[in-house]
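Trainee: the sequence and its predicted three-dimensional model are supplied below.
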Amino acid sequence: MAMGAGALALPVAMSEDTWDIAKNLPVINVIGMVVVALLLIAVFVYASYFHDQLRENWWHFLGRVLGIFGVTLIVSSTSLTLVDQAHWLTDFYLAFKQTVVVALPSAFAAAIVDNLS
């Protein structure tokens with residue numbers, strides 16, 4: 001999972017466009033990006049693993065979706081911190097917005113790699 005997230009997080013985290021988008025992004029858009037990412041991961045995980053067994057494995061499904069997104073957030077925030085763009089102590093809100101912007105495409109790569117393993 002972390003390898004898939006890192007494969008997209010690193011190039012996206014080094015893009016100045018990503019940093020500029022995050023600076024001007026309203027909070028409703030950040031929330032929307034999180035919701036869209038979680039929904040798309042959920043659809044992918046459902047189609048890949050749980051298409052006939054969701055009732056019996058609801059907690060496992062939820063854990064897999066949140067785990068993929070959580071790992072993606074960690075990899076994305078680490079990538080941004082390494083390129084000195086996420087200043088968590090001085091501007092937490094901007095660092096979080098940048099992490100979400102980077103995590104959106106990275107989450108899909110993480111879900112695909114998770115499916116391969």
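Mentor: Sure, I can see it.

Trainee: what ranges of the chain fall below the confidence cut-off?
Mentor: Within the chain, the stretches with pLDDT under 70 are 1-13, 117.

Trainee: separation between the residue nearest the centre of it and Ala86?
Mentor: Nearest to the geometric centre of the chain sits Ala103, at 3.2 Å (CA atoms, centre = their mean). Using CB to CB, to the nearest Å, Ala103 is found at 12 Å from Ala86. Using the backbone N, CA and C atoms, a C-beta is placed for each residue, glycine as well.

Trainee: now do Leu104
Mentor: For Leu104 relative to Ala86 (CB to CB), the value is 15 Å.

Trainee: of those two, who's got more company?
Mentor: Between Leu104 and Ala86, Ala86 has the larger neighbour count (other CB atoms under 10 Å), namely 24 against 18.

Trainee: can you pull the contacts of the more buried one?
Mentor: Counting by CB atoms under 8 Å, 6 or more residues apart in numbering, Ala86 makes contact with Ser77, Leu80, Ala95, Gln98, Thr99.

Trainee: three-state assignment of it?
Mentor: Put simply, Ala86 is coil when judged by DSSP: H, G, I helix; E, B strand; the rest coil.

Trainee: ok, Glu56 next?
Mentor: Counting by three-state DSSP, the backbone at Glu56 sits in coil.

Trainee: tell me the contacts of the closest residue in space to Leu25 that isn't next to it in sequence?
Mentor: Closest residue to Leu25 apart from its sequence neighbours, by CB to CB, 6 or more residues apart in numbering: Lys97 at 5.5 Å. Contact partners of Lys97, counting by CB under 8 Å, 6+ apart, are Ala22, Lys23, Leu25, Val30.

Trainee: now Val36
Mentor: Neighbours of Val36 in contact, by CB under 8 Å, 6+ apart: Leu104.

Trainee: what comes up buried for whichever strand or helix holds it?
Mentor: Element membership for Val36, per DSSP states H and E: helix 27-45. Buried residues in helix 27-45, counted by 16 or more other CB atoms under 10 Å: Val30, Met33, Val34, Ala37, Ile41, Ala42, Phe44, Val45.

Trainee: stretch 54-74 now?
Mentor: Residues Phe61, Arg64, Val65, Ile68, Phe69, Val71, Thr72, Leu73 are the ones in stretch 54-74 that count as buried (16+ other CB under 10 Å).
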